Each structure stands twice: as C-alpha cells, then as structure tokens.
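A.B. asks: following is a predicted model, sequence given first.
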Amino acid sequence: MNTKKISFIEAGAPGLHIFSKFPIPRLGTILLATMLRERGYEARVFVEDVADLDWSVIEQSELVGISTITSTAPRAYALADRIRALGIPVVMGGPHVSFMPDEALDHADFAVRGEGEESFFQLLAYLEKGRPALSTIRGLSFKAKDGKKTHNPAAEFIQDLDSLPEPDFSLVHRWKPSHIYPISTSRGCPYGCRFCSVIQMFGRKYRFKSVEATVKELKLAAEVSRGTKFIVDDNFAADIKRAKEILRAALAERIKMTWSTQVRVDVAKDRELVRLMADSGCHTLYIGFESINPATLKAYNKKQGLEDIVTCIRTLKDYGLHIHGMFVLGADPDTVETIRRTAEFAAKYRIDTVQFMILTPLPGTPLYDQLVEEKRLLHTDWSKYDAHHVVFKPGLMTPATLQVETFRAMAKFYSWKYILKHLATFHFHYAAIGLFGKTAIRKFMRNCTTELQELGFNNSSLSVPRF
Ligand code: B12
Ligand code: SF4
C-alpha cells in the first residue's frame, strides 16, 4: 500500500490542567514526523492542545499515527474509530497503549509499544513492501489473520540518542515560535518511584545525548523559538558531571535563552551545578517533592527525605531560581492533616508555583498492579486518570475527602494573598498563574459535583473556601 502522506495526532486533554494555558507537545510524534520528512514523506503533526485538527489534511492521509497518554486515551480511541471509518489505517503509540495494547487494538490497526522509532519504520516497510514479516517487528502489537491479538517481544531501547534528528516544529500545525519549546536530551531514569511509568517506558538505564549534540540542539532552539525552552527530561541532572558540561558549553557558546527543566532535590547538593543553571538562563526548576510525609516518601520509594526537600528549596532560592513544586497526595499513609500541612508547607517555604496532584495508578506502574490486585480501583474511565480526580480507594480517607481536600489545598495556596503579593512585587506572571489556578479550581469543583455526589460527598460541603 501507499503510505507517503502520514499525519500524526496527539490527542487532547480531557479537561483543564495546570499547563492548559501553555500547551507543550510531547516530542514523540514530532520526532517520528521529522524522520519521515528526512526520508521524503509528507508528514504533519496535529497537537489538539495547540490547535484544532485540520480534517481536510487528515482525510487525505494514507496512514494516521495517534499518540496517547492514559487520560487522553478515550479521545484518542474516538479519533481512531472516526479515521478508520474513513478507510485510513491507524497506528497508535505512547505510554498508555504501551501498557494497554489489547485495548488499543479494539480501535487501531496496530499499536507500537515503548519507543517508536525502530518499530514504526519497520511497520512502514511492511505496509509498503510486505517485509519484514509483522511477527518479527519488535514492540509491535497487531491482530493476526485469525483475529487473535498478538504482541511481539519488546523492542530494544535506542542506544545512540545522537542518531535522532532535532525535532522540526514547523511540521506542527499552527505552531508559533512564541510557544514553550520542548527539548529532550536524555531518556530513562535510574530511580524507581512506584507511581511513575517512565522506567517501564524508557528504562532504568539513563541514556543521554552527547554534550555536543545537546548544545547544538539548544543553539538551534534559541534561534528558531522565542519561547522558554523546556528540557522535558525526567531527571535532567541524573548525571551531574554531564549536566555541568552542557551548561558550561552553553555559557561558552553564549546561547541566550530562558529555560526550565525537571530535576530531583539532589541537584541542590551541588552548588556549582545550581550556579551554572542560574547563570545559563534557567528560570524554573520542576521538582518532584511528592510529599512532606516521610512515611509517604518511603511508600513512593522516592529515596529522599523531608530535610532534602527543605535544603533544596533554600539552596535554589539562594541562587534566585524559581521552584515549581510537584506534590502527589493520597498515598496510604496520608491523612487530611497531611494534605492541609502540605499547603502550609508550600506557602511557608515560598515555593513559587505548585501542583497538588492526586495519586493516580497509571497502567504500567507498580502502583497500578498493586491497586488492581487489591481491587481498589473505583473505575477505569481513563479520562479521569489525569491526577486531578480520585480513581482509587485511599487508605485513610474516603475518595471524596481526598478529592475535596486536594482542591482546598490548591485554593489555599493560590489565594488572594498569593495573587496580591505577586502583584505588589511586579511578578505579574505569577499573579496571572494564581488567578488561573483559582479559576481552574472553581471550574473543577463545579465539573466534579456529580462525581463527588457519586462518591458520597454532601452537596453543601462542596464550596471552596475563600483564602
Ligand atoms: C513534557 C511532559 C508533559 C508536558 C506536556 C504534556 C503533553 N503534551 O501531553 C506537561 C508538563 C504539560 C505534562 C502534563 C501532564 N503529564 Co506529562 N510528561 C511529559 C514528559 C516529561 C515528556 C514527554 C516527552 O516529550 N517525552 C519524550 C518523547 C520522545 O516520548 P513520547 O512522546 O512518549 O514518544 C515516544 C513513545 O511514546 C512512542 N510514541 C509516542 N507517540 C507515538 C505515536 C505513534 C503512532 C507511534 C508509533 C509511537 C509513539 O514513540 C516515541 C519515540 O520513542 C513525560 C515523561 C516522558 N519521559 O515521556 C510525562 C508524561 C507523559 N506525563 C504524564 C502525566 C501523567 C501527565 C499529566 C496527566 C499529569 C501531570 N504531570 O500534570 C498531565 C496531562 C497532560 C495532558 N496532555 O493531558 C505521564 C503519562 C503516563 C500515562 N500513562 O498517562 C508521563 C509519562 C510521566 C510519568 N511520570 O509517568 N506532561
Ligand atoms: S518520578 Fe522522577 S525520579 Fe521517580 S522514577 Fe519517575 S522520573 Fe525517576
């Protein structure tokens, strides 16, 4: 068959989340499209959170690839059904279908599990030339001739990340140079937190691009985009020596850019690294603090203590770096008190922005396996697996209490005091985030009314108090 015109779709979020105002595409589909373009294909990428789909292009496609995480899976499946009804074959990929390939094959012709670069191009070769045989393509799930869902062995992880091209954002429909610009410099993470799917998806071995390739990519990013550069690595400084070399080289090359990334609290143990980050234009560090409850940190297998969190905040503040603190609430040792104290902690230590996420058992994680085994999942409406909805029975609270207390904690943090304080100090960006947070919480509360009632919560207790 002919597969010269290929469209990719990153299915849109089911509702508001903290980054809704600043859409960032995941890099998978853009990388695949860039590789296709290099091989002479016509490829386009549609990211629903960036712009509406252009069906006139999608309907002309000879193959469509759809990327999904768990919360976007229902939308991704609806799109797959619609596209297949047009007679266009559909391939799905991404972290949800990697762990739920049977489900994906109810909607798509093929599912690619794990990293897609190798498997996708082998599948294309099969579709175009009939070779290699489907059964030999690692990481591929498909329906055999007798209709049996077949899952080939997993693919190997890509060892040479330098062999991947720099993603071409001009392939993304309605992409603007002012948008936040994502960059990936490494894959995998040497840790093993129980709620995280990164290890199962990208492996525990930390693989990374060379310093030269990374700096070249940063340079290109600074040229083509005015937006903040977001290094999407799960743990940018997992290899501290390498991180420092990159930053030193970026400084030597005088790359002018504002950037941010995700790190663990360990970064603060190396002041030289923190200084290099600040000097090279780092604006915000996104840090998985996860919990102020030591028992919960242990239950998450986070390998960090409360004192590490406090030291980290203090050190980063010494260097003027902003902190986006990510907390995951609702572990078995957590109580209502834990949640309330988390909001107080974040305000007391002047964390700049926070995300209070509700613990979510994502397929592929040890947490998911445990809660399935213990029959503690409330449902599998994946659209609610977005870290803003309670989807399991917590240990020491009712689901409704966890839901409402998390909203309250967010409302308490993004209070009028927070907004006015930032207005008074001319930090308008944060004042705007505070206002957005406030509005979003109210919308969430309204949207969740029915679910909360289903969870047994009393209607009169649903209001978010004013702080
Ligand atoms: C950047 C990022 C974000 C950004 C942008 C999100 C977006 N557009 O979805 C922000 C900060 C907004 C965000 C928010 C959220 N995120 Co996030 N995020 C990431 C992060 C760190 C990097 C994504 C990326 O670019 N990866 C690198 C590229 C190369 O990987 P990839 O896109 O997955 O593509 C590869 C394969 O998946 C596959 N593939 C992917 N698509 C396709 C399609 C086809 C056809 C094929 C063949 C192959 C294929 O091949 C690609 C190349 O190897 C990942 C972690 C990670 N390491 O991936 C988490 C991750 C995707 N996020 C996650 C989650 C849970 C969320 C939130 C729900 C909660 C939160 N953290 O706030 C929200 C939901 C947002 C939404 N879309 O609704 C989870 C998803 C797990 C799951 N099963 O659902 C991840 C995996 C993190 C984790 N710790 O588990 N996120
Ligand atoms: S949460 Fe962060 S540190 Fe923990 S396993 Fe996932 S990527 Fe690694």
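C.D. replies: Received, thanks. Note that the structure is predicted; figures quoted are calculated from it, not measured. Ligands and ions are numbered 1, 2, ... in the order given.
A.B. asks: gap between the residue in the chain sticking out farthest from the centre and ligand 2?
C.D. replies: Most distant from the centre of the chain: Asp146, at 36.7 Å, with distances by C-alpha atoms, centre = their mean. Asp146 sits 39 Å away from ligand 2, going by C-beta to the nearest ligand atom, to the nearest Å. In this view, the C-beta of every residue, glycine as well, is placed from N, C-alpha and C.
A.B. asks: which stretches of the stretch 201-350 of the chain have low pLDDT?
C.D. replies: The model of the stretch 201-350 of the chain has no residue with pLDDT under 70.
A.B. asks: check the stretch 1-150 of the chain too.
C.D. replies: For the stretch 1-150 of the chain (pLDDT under 70), the answer is none.
A.B. asks: what about the strands in it?
C.D. replies: For the stretch 1-150 of the chain, the strands defined by DSSP state E, counting those that start in this stretch cover 5-10, 42-47, 63-67, 90-93, 110-112, 140-143, 149-151.
A.B. asks: name the SS class of Leu396, please.
C.D. replies: coil (DSSP: H, G, I helix; E, B strand; the rest coil).
A.B. asks: look at it and report its pLDDT.
C.D. replies: The model reports Leu396 with a pLDDT of 97.
A.B. asks: want to throw the strands of the stretch 1-150 of the chain into a markdown table with mean neighbour count and distance to Val211?
C.D. replies: Below are those laid out as a markdown table (neighbours: other C-beta atoms under 10 Å; distance: least, C-beta to C-beta, whole Å):
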| stretch | mean neighbour count | distance to Val211 |
| --- | --- | --- |
| strand 5-10 | 25 | 30 |
| strand 42-47 | 23 | 28 |
| strand 63-67 | 27 | 29 |
| strand 90-93 | 28 | 29 |
| strand 110-112 | 29 | 30 |
| strand 140-143 | 22 | 34 |
| strand 149-151 | 15 | 38 |
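A.B. asks: turn those into CSV, columns for distance to Ile419.
C.D. replies: Formatted as CSV, those follow (distance: least, C-beta to C-beta, whole Å):
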stretch, distance to Ile419
strand 5-10, 32
strand 42-47, 30
strand 63-67, 35
strand 90-93, 40
strand 110-112, 44
strand 140-143, 48
strand 149-151, 50
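A.B. asks: for those strands, which one sits closest to Trp175?
C.D. replies: Proximity to Trp175 (C-beta to C-beta) singles out strand 42-47 among the strands of the stretch 1-150 of the chain, at 8.1 Å.
A.B. asks: what is the closest one packed up against?
C.D. replies: On a contact count with 3 or more C-beta pairs under 8 Å, 6 or more residues apart in numbering; DSSP states H and E, strand 42-47 meets strand 5-10, helix 28-38, helix 55-58.
A.B. asks: ok, now with 7 Å
C.D. replies: The contact analysis (3 or more C-beta pairs under 7 Å, 6 or more residues apart in numbering; DSSP states H and E) places strand 42-47 against strand 5-10, helix 28-38.
A.B. asks: could I get the buried residue list for stretch 432-452?
C.D. replies: The neighbour-count check on stretch 432-452 (16 or more other C-beta atoms under 10 Å) flags 433-438, 440-441, 444-445, 448, 451-452 as buried.
A.B. asks: can I get these in a markdown table with distance to ligand 1, pLDDT and secondary structure?
C.D. replies: Converted to a markdown table, those look like this (distance: C-beta to the nearest ligand atom, whole Å; pLDDT from 0 to 100; DSSP: H, G, I helix; E, B strand; the rest coil):
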| residue | distance to ligand 1 | pLDDT | secondary structure |
| --- | --- | --- | --- |
| Ile433 | 14 | 88 | helix |
| Gly434 | 18 | 89 | helix |
| Leu435 | 19 | 87 | helix |
| Phe436 | 14 | 85 | helix |
| Gly437 | 13 | 84 | helix |
| Lys438 | 18 | 84 | helix |
| Ala440 | 12 | 82 | helix |
| Ile441 | 15 | 82 | helix |
| Phe444 | 13 | 78 | helix |
| Met445 | 18 | 77 | helix |
| Cys448 | 16 | 73 | helix |
| Glu451 | 17 | 70 | helix |
| Leu452 | 20 | 70 | helix |
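A.B. asks: closest one of those residues to Pro132?
C.D. replies: Ranked by distance to Pro132 (C-beta to C-beta), those are led by Glu451 at 47.0 Å.
A.B. asks: residue contacts, the closest one?
C.D. replies: Glu451 makes no contacts at all, as judged by C-beta atoms under 7 Å, 6 or more residues apart in numbering.
A.B. asks: looking at the strands of the stretch 1-150 of the chain, which is nearest to Leu420?
C.D. replies: strand 42-47 (35.1 Å).
A.B. asks: let me know the angle separating the closest one from strand 63-67.
C.D. replies: If you take axes from the mean of the first three to the mean of the last three C-alpha atoms, to 10 degrees, strand 42-47 sits at 30 degrees to strand 63-67.
A.B. asks: name the nearest residue to whichever residue of the stretch 101-250 of the chain sits closest to ligand 1, sequence neighbours excluded.
C.D. replies: Relative to ligand 1, the nearest point of the stretch 101-250 of the chain is Gly116 (2.8 Å; C-beta to the nearest ligand atom). Nearest residue to Gly116, sequence neighbours excluded (C-beta to C-beta, 6 or more residues apart in numbering): Gly93, at 4.7 Å.
A.B. asks: alright, I will stop here.
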